[in-house]
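Asks: only geometry, no sequence info:
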Ligand SMILES: NC(=O)c1ccc[n+]([C@@H]2O[C@H](COP(=O)([O-])OP(=O)(O)OC[C@H]3O[C@@H](n4cnc5c(N)ncnc54)[C@H](O)[C@@H]3O)[C@@H](O)[C@H]2O)c1
């Protein structure tokens, strides 16, 4: 039986370990020609060698690095059918002490890196008439203490996904995202930070258990699927909707006092 990605060329960023490695492994097992990208050269080479893939150590946070990566795939395999924008940086900080350079780096890798790789790939995919981009967001986008830079960057990735899907509707190029959960070094760093408050919510969830959803979104079986953010949480798969108005009240002429009344009344009940 040919795999669901037979004949496809797929780039996975940050694939030297953790979730990205699991996506690259299943993509290769499903027949894709894979480029394993990771800024950590050693792990990229090791994963690539073990699955017969090509290694690339470009820093996807830069426009030039992202361009080199997408070119590497096209030169080696003649096309690019799939891009998994998985590379990510996780930093914890209290806003009273957060280093602005660190905030910038998180946004550069998580949001701009996703945009850079996506823009290079989408242009090549449009020329081909087909392609699938899978971005990676996080539940932290909804607001988690100590994760402002990370959560904001991942909220940006979700918005990027919905915007690009709207831009590319009807072109054959699809854009979706996953919001994964796995017990990787990133999850361990968060648990260490939480200390006694850690709930072990990622314990027992393997990186590999997140891969089937990503591989489905890359495959032709998902031909009609675009603009979706898919949350994977152990045995549960769900869709994350764009932010919506949760409550509304109307007033012909708003005053400061009327806004205060609204918060004390209908809006207050939805806070
Ligand atoms: N682990 C979870 O439960 C979880 C939850 C939500 C979202 N995510 C997201 O999933 C993705 C993978 O997470 P993980 O837990 O496997 O993390 P990880 O830290 O184990 O792996 C991330 C990889 O990205 C690489 N990388 C970092 N910056 C890079 C750059 N500029 N260019 C190329 N490669 C770079 C790292 O070297 C590393 O190998 C991340 O985007 C993360 O935010 C993870």
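Replies: That came through fine. All values reported here derive from a predicted model rather than from experimental measurement. Numbering: from 1, shown residues only.
Asks: now do the helices in the protein.
Replies: 18-29, 41-51, 63-77, 100-107, 113-128, 148-167, 185-194, 211-218, 256-264, 266-270 (DSSP state H).
Asks: winner for burial among the ones you listed?
Replies: With neighbours taken as mean count of other CB atoms under 10 Å, those reach their highest mean count in helix 18-29, at a mean of 26. The C-beta positions use only the backbone N, C-alpha and C, and glycine is treated the same way.
Asks: what is that one packed up against?
Replies: Using 3 or more CB pairs under 8 Å, 6 or more residues apart in numbering; DSSP states H and E, the elements in contact with helix 18-29 are strand 9-12, strand 33-37, helix 41-51, strand 82-85, helix 211-218.
Asks: repeat that for 7 Å
Replies: Applying 3 or more CB pairs under 7 Å, 6 or more residues apart in numbering; DSSP states H and E, we find helix 18-29 packed against strand 9-12, strand 33-37, helix 41-51, helix 211-218.
Asks: ok, the closest residue to the ligand within the stretch 51-200 of the chain - contacts?
Replies: Closest approach between the stretch 51-200 of the chain and the ligand, counting by CB to the nearest ligand atom: residue 88, at 2.3 Å. Neighbouring residues of residue 88 by CB atoms under 7 Å, 6 or more residues apart in numbering: 14, 109, 110, 136.
Asks: same deal with residue 118?
Replies: Neighbouring residues of residue 118 by CB under 7 Å, 6+ apart: 83, 85, 133, 164.
Asks: check residue 32 too.
Replies: 5, 8, 9, 10, 82.
Asks: ok, the spatially closest residue to residue 144 that is not a sequence neighbour to residue 145 distance?
Replies: With sequence-adjacent residues excluded and distances taken as CB to CB, 6 or more residues apart in numbering, residue 144 is closest to residue 151, at 5.6 Å. Distance of residue 151 to residue 145, given as CB to CB, to the nearest Å: 10 Å.
Asks: same deal with residue 1?
Replies: With CB to CB as the criterion, residue 1 and residue 145 are 47 Å apart.
Asks: go on, residue 237?
Replies: 27 Å.
Asks: need the residues of the stretch 101-250 of the chain near the ligand, please.
Replies: Contacts of the stretch 101-250 of the chain with the ligand, taken as CB under 6 Å from any ligand atom, map to 109, 113, 136, 138, 180, 181, 182, 184, 185, 186, 187, 202.
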